[in-house]
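Trainee: Here is my input; please provide its structure:
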Amino acid sequence: MNKDNILNINNLYAETNAQSLLKGVNISINCGEIHVIMGKNGSGKSTLAKVIAGHPNYKITQGKINFCGEDVTYKNPEIRSHKGIFLGFQYPIEIPGVSNLDFLRLAYNSKQKANNLCELDPLSFFNLINQKIKQINMGTSFLSRNVNEGFSGGEKKKNEILQMSLFNSKLCILDEIDSGLDIDALKNIAKIINNLHNDFNGLLLITHYQRLLDYIIPDYIHIMANGQITYTGNYEIAKDIEQHGYDKYNTIINN
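Mentor: Purely as a prediction, here's the structure:
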């Protein structure tokens, strides 16, 4: 397995509207690894995901984000995306008047251009996206529909996974991809994620619940509380949290 480092976050502090949200986060992800971040509401999980992706509403006040050997701490979000950071949103937005096909082709070609690779004409892209759709069991009708407009919760999450598959990113961050899914949809999404994960990318999952981890087995679980990672361990932590809650992990620092 290729153990090259993908993401290294060192002593990261971030705020929004002068409110401190991240307070010294440290995390390192290597190729082939699956990491999970768990914690109570307001612990900083989604904030960390957005800061890694470069969300403009968050200001980094201290620390570094190193991605594939490059300091991207203050890079714009589109640059991070082009370099290989993908964020699947908990609540994907609707874009009325823009078809999925047009949106995906423009996003794909933007990344190709940024990396000095060939852009695809509409017909070539249509062939490519049809292959991707078949891999994740989506109907072709998704392509003609406006982005997420009128989609069910499961359809929106599948649309995020379709983008993850298309962009073939080095680091994939999925923010509560399991929220709002029934058990059958959850199993299906988990199976697709497992198929897309490989020895050359890294996966960071953010979740409240252990049930997702019945189907995607992580290498590491990190517990967040008050803007810090307070504990890091293996899959067994999730089972304990399901039974006893987070309190015993919120004040432990695991080096």
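Trainee: ok, how many other residues are close to the residue nearest to residue 147 when sequence neighbours are not counted?
Mentor: Once flanking residues are discounted, residue 147 sits nearest to residue 95: 3.9 Å by Cβ to Cβ, 6 or more residues apart in numbering. For the C-beta atoms, the positions are set from N, CA and C on the backbone; glycine is no exception. As a burial measure, residue 95 scores 14 neighbours (other Cβ atoms under 10 Å).
Trainee: same thing with the one 4 residues further on?
Mentor: Using other Cβ under 10 Å, the number of residues around residue 99 comes to 16.
Trainee: Run through the bridge partners of it.
Mentor: Beta bridges link residue 99 to residue 146 when assigned by DSSP bridges.
Trainee: So it is in contact with residue 141, correct?
Mentor: No: counting by Cβ atoms under 8 Å, residue 141 is not a contact partner of residue 99; they are 11.1 Å apart.
Trainee: now the helices for this structure?
Mentor: 45-53, 77-83, 100-114, 122-135, 141-144, 153-167, 183-196, 236-244 (DSSP state H).
Trainee: Out of those helices, which one sits most buried?
Mentor: helix 45-53 (a mean of 23; mean count of other Cβ atoms under 10 Å).
Trainee: Return the residues in contact with the most centrally placed residue in the chain.
Mentor: Centrality entry for the chain: nearest residue to the mean C-alpha point is residue 173, 1.4 Å, by Cα atoms, centre = their mean. Contacts for residue 173 (Cβ atoms under 8 Å, 6 or more residues apart in numbering) come out as 49, 52-53, 85-88, 204, 206.
Trainee: Residue 186 contacts residue 178, correct?
Mentor: Yes: in terms of Cβ under 8 Å, residue 186 counts as a neighbour of residue 178; the distance is 5.6 Å.
Trainee: Find residues that contact each of those two.
Mentor: Residues touching both residue 186 and residue 178 (Cβ under 8 Å, 6+ apart) are 211-212.
Trainee: coming back round to it: mind putting the helices of the chain in a markdown table, distance to residue 216 and mean pLDDT included?
Mentor: Compiled in a markdown table, the helices of the chain are given as follows (distance: least, Cβ to Cβ, whole Å; pLDDT from 0 to 100):
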| stretch | distance to residue 216 | mean pLDDT |
| --- | --- | --- |
| helix 45-53 | 16 | 96 |
| helix 77-83 | 23 | 96 |
| helix 100-114 | 24 | 96 |
| helix 122-135 | 17 | 93 |
| helix 141-144 | 23 | 90 |
| helix 153-167 | 12 | 90 |
| helix 183-196 | 5 | 89 |
| helix 236-244 | 11 | 88 |
